[in-house]
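Chemist: Based on what follows, work out the 3D shape:
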Amino acid sequence: MAQDKDADHVTVKAVRPFDGAEGYKDEASQPFSVHSRRAAELKANGLVEECTPEAAIKAAPAPENKMAVEPANKVTPATAVRRTKD
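Modeler: Residues are numbered from 1 along each chain as shown. Predicted coordinates for the structure are as follows:
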């Protein structure tokens, strides 16, 4: 298992949703550190997979700007209409 700074802890990532001592975790959750015994238990139940601490940093998603809205008059190729002069 991938070792963290503390030799008794490993970094894991949820592969199925579960609610445990770590709180609710699912596929979209960030990788988290747990004791190696807990990691073995979670892995045996098919709930997590091992990952390196470096992978945990890379796995962090970019924050979404939920305030950004597409313009109402955005023209896409599917909706574009050619105007012809009469």
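
Chemist: can you pull out the helices in the protein?
Modeler: Ranges of helices in the chain, per DSSP state H, are 36-44, 53-58.

Chemist: Check which helices and strands the longest one is in contact with.
Modeler: Applying 3 or more C-beta pairs under 8 Å, 6 or more residues apart in numbering; DSSP states H and E, one finds that helix 36-44 makes contact with strand 9-14, strand 48-50. No exception for glycine: its C-beta is placed from N, CA and C like everyone else's.

Chemist: 10 Å instead?
Modeler: Contacts defined by 3 or more C-beta pairs under 10 Å, 6 or more residues apart in numbering; DSSP states H and E place helix 36-44 against strand 9-14, strand 18-20, strand 32-35, strand 48-50.

Chemist: Would you agree residue 33 is in contact with residue 11?
Modeler: Yes - with contact defined as C-beta atoms under 10 Å, residue 33 reaches residue 11; the gap is 5.3 Å.
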